[in-house]
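Asker: fold the following, please.
(one chain, ligands or ions: 3)
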Amino acid sequence: MKLTVLGATGSIGVSTLDVVARHPDRFEVVALTGHRQVEVLAAQCRRFRPAYAVVGSAADAQRLAGMLRDGGLRTEVLHGPDALSQVASLPEVDAVMAAIVGAAGLPPTLAAARAGKRVLLANKEALVMAGAVFMAEVRRAGALLLPIDSEHNAVFQSMPHDYAGDMAHSGVRRILLTASGGPFRSVPLETLTGVTPEQAVAHPNWVMGRKISVDSATMMNKGLEVIEAHWLFNAPADRIEVVIHPQSVIHSLVDYEDGSVLAQLGNPDMRTPIANALAWPQRIESGVAPLDLFAVGQLNFERPDLARFPCLDLAYRALRAEGNAAAVLNAANEVAVAAFLERRLSYLGVAELIAATLDAVPQAAVPDLAAVLEADRQGRAAALDLLVRRFGASSAQGPA
Ligand SMILES: NC(=O)C1=CN([C@@H]2O[C@H](COP(=O)(O)OP(=O)(O)OC[C@H]3O[C@@H](n4cnc5c(N)ncnc54)[C@H](OP(=O)(O)O)[C@@H]3O)[C@@H](O)[C@H]2O)C=CC1
Ligand SMILES: CC(=O)[C@@H](O)[C@H](O)COP(=O)(O)O
Ligand SMILES: [Mn+2]
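Answerer: Residues are numbered from 1 along each chain as shown. Ligands and ions are numbered 1, 2, ... in the order given. Below is the predicted model of the structure:
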């Protein structure tokens, strides 16, 4: 199978290449993309010898090309958003790992879907922003969409094999998404005012990029995942429930009409869902240790407290509002998380800024990609404006 890995230099990208390296007879890497981490991408190119590598800027492309030439590699180095879409839709590529973080991942992921690829979807923001447009393109092009997000991969594994998007027909009552509750699940509520980016990114169970780690702390990650589940499984909001499960061993569950509840369990290591989607419908070795239930000992469950996790409530509200609301929610969240990581916004300010942005941007339909991108633009503009005017941040904003 010939692969493009979008976001190869990130947490999911590195785990993907770890699985790929275990099966040189099965997988061939055609293209790798990074953004700013040129040295990491250069090392990956030396190891996997792709035909194409993509970075964010012309200057970095020049630097990478020099490094690869010195190593005797023939990899063609490209840069910029169009190059991402180009390598996501190459005719010789069978499967695309979509592991760019945030809205920047939408155009190349959509390009892969439009080209009818096997799309391994980690970039949940793409589906949150553009769910209807994205799913329509998947169906039109006959692409195979396989979820990488651990919860959705667990649901995928626990659904009937012939599930075609009709929960009632398949006897599915509810989808139960598990959530760790993040680093602030049980700290006294009054201490949340002063929490730092370092505390927020210290996830109890998973090692991930900084943006998704903050999302886990606020539980916006679970909110985005509720919206993701809605689109992937054609599930209405009131049939998707979130269950806090602090051990992150049960990755999610499907509740059937006959009272059966099927779940997928495993150690919290993304190489399991990555291997599952890369090889589906076969099973391959992933490097993940066998689950030791005696060491786990206990599996606990709690109902999420929406006063502690208002972002979860905001995401359900955006899903129910339909139209541009989810794209605005996502845009505001990206602005808020970046500002929090730069210490320009408090932890509690993240949810407040998102709520204020949702109030500020008028409702609109999003029938096509242009409308989705306009909703994203409006959400970012409103959030940045509110950040300065209402939340007192200075007007300069650095990279996320
Ligand atoms: N990490 C995890 O365990 C999980 C992640 N996900 C999802 O997977 C996606 C990736 O997450 P994760 O790997 O943690 O994130 P990371 O921050 O670790 O990696 C992000 C990747 O995207 C690249 N990137 C960043 N900005 C841009 C841009 N503007 N244009 C092109 N490429 C860009 C980065 O390049 P560079 O580093 O070179 O600058 C890097 O390769 C997210 O959508 C996340 O929600 C879902 C489930 C679990
Ligand atoms: C590994 C993965 O899929 C993450 O999205 C994970 O779910 C984050 O943990 P939380 O349950 O804390 O959001
Ligand atoms: Mn997840």
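Asker: please, where are all the helices along the stretch 301-400 of the chain?
Answerer: With DSSP state H, counting those that start in this stretch as the criterion, the stretch 301-400 of the chain has helices at 310-321, 325-341, 347-360, 369-389.
Asker: what about the first one and ligand 1, any contact?
Answerer: Which is helix 310-321. No - Helix 310-321 lies out of reach of ligand 1 by Cβ under 6 Å from any ligand atom, never closer than 13.5 Å. From N, CA and C alone the C-beta is placed, and that goes for glycine too.
Asker: distance from that helix to the middle of the chain?
Answerer: 17 Å (Cα atoms, centre = their mean, to the nearest Å).
Asker: ok and it relative to helix 325-341, angle-wise?
Answerer: Inter-element angle recorded for helix 310-321 and helix 325-341: 160 degrees (by axes from the mean of the first three to the mean of the last three Cα atoms, to 10 degrees).
Asker: picking up where we left off before, from the helices of the stretch 301-400 of the chain, which stretch is densest packed?
Answerer: helix 325-341 (a mean of 27; mean count of other Cβ atoms under 10 Å).
Asker: wait, what's in contact with whichever residue of the stretch 151-300 of the chain sits closest to ligand 3?
Answerer: Nearest residue of the stretch 151-300 of the chain to ligand 3 (Cβ to the ion) works out as residue 151 at 4.8 Å. Counting by Cβ atoms under 8 Å, 6 or more residues apart in numbering, residue 151 makes contact with 177-178, 225, 229, 251-252.
Asker: same list (those residues) but as CSV, adding neighbour count.
Answerer: Converted to CSV, the contacts of residue 151 look like this (neighbours: other Cβ atoms under 10 Å):
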residue, neighbour count
177, 24
178, 25
225, 30
229, 26
251, 24
252, 28
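Asker: out of those residues, which sit inside helices?
Answerer: With DSSP state H as the criterion, helices contain 225, 229 from among these.
Asker: ok so, going back, residue 195: which of the helices of the stretch 301-400 of the chain is closest?
Answerer: helix 347-360 (4.6 Å; Cβ to Cβ).
Asker: got the contact list for the closest one?
Answerer: In contact with helix 347-360 (Cβ under 8 Å, 6+ apart) are residues 192-195, 200, 214, 217-218, 220, 310-311, 314, 317-318, 325, 328-329, 331-333, 335-337, 339-340, 345, 379, 382-383, 386-387, 390-391.
Asker: can you rerun that using 7 Å?
Answerer: Here helix 347-360 makes contact (Cβ atoms under 7 Å, 6 or more residues apart in numbering) with 192-193, 195, 200, 218, 310-311, 314, 318, 325, 328-329, 332-333, 336-337, 340, 345, 379, 382-383, 386-387, 390-391.
Asker: quick one, that helix and helix 369-389 angle?
Answerer: 130 degrees.
Asker: show me how far helix 347-360 is from its chain's centre.
Answerer: Distance, stretch centre to chain centre, for helix 347-360: 21 Å (Cα atoms, centre = their mean).
Asker: avg pLDDT for it?
Answerer: Across helix 347-360, pLDDT averages out at 98.
Asker: can you check stretch 380-392 too?
Answerer: On average, stretch 380-392 scores 96.
Asker: shaky segments in the protein?
Answerer: Confidence mapping of the chain against pLDDT under 70 gives the ranges 395-400.
Asker: tell me the residue of it that sits nearest ligand 1?
Answerer: Among all residues of the chain, residue 10 sits closest to ligand 1, at 1.9 Å; criterion: Cβ to the nearest ligand atom.
Asker: apart from its chain neighbours, what residue comes closest to that residue?
Answerer: Nearest non-adjacent residue to residue 10, counting by Cβ to Cβ, 6 or more residues apart in numbering: residue 209, 5.5 Å away.
Asker: run a quick neighbour tally on that neighbour.
Answerer: 17 (other Cβ atoms under 10 Å).
Asker: hmm, it is touching residue 101, no?
Answerer: Yes - contact criterion Cβ atoms under 7 Å: residue 209 and residue 101 qualify, at 5.6 Å.
Asker: and for the two, which residues touch both?
Answerer: Common neighbours of residue 209 and residue 101 (Cβ under 7 Å, 6+ apart) are residue 10.
Asker: pretty sure residue 23 sits in a helix.
Answerer: No - Residue 23 is assigned coil when assessed by DSSP: H, G, I helix; E, B strand; the rest coil, not a helix.
Asker: what's the closest non-adjacent residue to it?
Answerer: residue 284 is the one closest to residue 23 (Cβ to Cβ, 6+ apart), at 6.0 Å.
Asker: part of a helix, is that neighbour?
Answerer: No - Residue 284 is assigned coil when assessed by three-state DSSP, not a helix.
Asker: starting from residue 25, give me the distance back to it.
Answerer: 11 Å (Cβ to Cβ, to the nearest Å).
Asker: give me the more crowded residue out of these two.
Answerer: Applying other Cβ under 10 Å to residue 284 and residue 25 shows that residue 284 carries more neighbours, namely 14 against 5.
Asker: the more buried one reaches residue 275, doesn't it?
Answerer: Yes - under the criterion of Cβ under 7 Å, residue 284 makes contact with residue 275 at 5.3 Å.
Asker: per-domain residue ranges of this structure.
Answerer: 2-147, 155-267+289-296, 322-390 (the TED database).
Asker: what sits against residue 286?
Answerer: Residue 286 neighbours (Cβ under 7 Å, 6+ apart): 19, 271-272, 275.
Asker: how many residues are close by the residue of the chain closest to ligand 1?
Answerer: Residue 10 has 24 nearby residues by other Cβ under 10 Å.
Asker: that one contacts residue 208, correct?
Answerer: No - here residue 10 does not reach residue 208: they are 9.0 Å apart, not a contact under Cβ under 7 Å.
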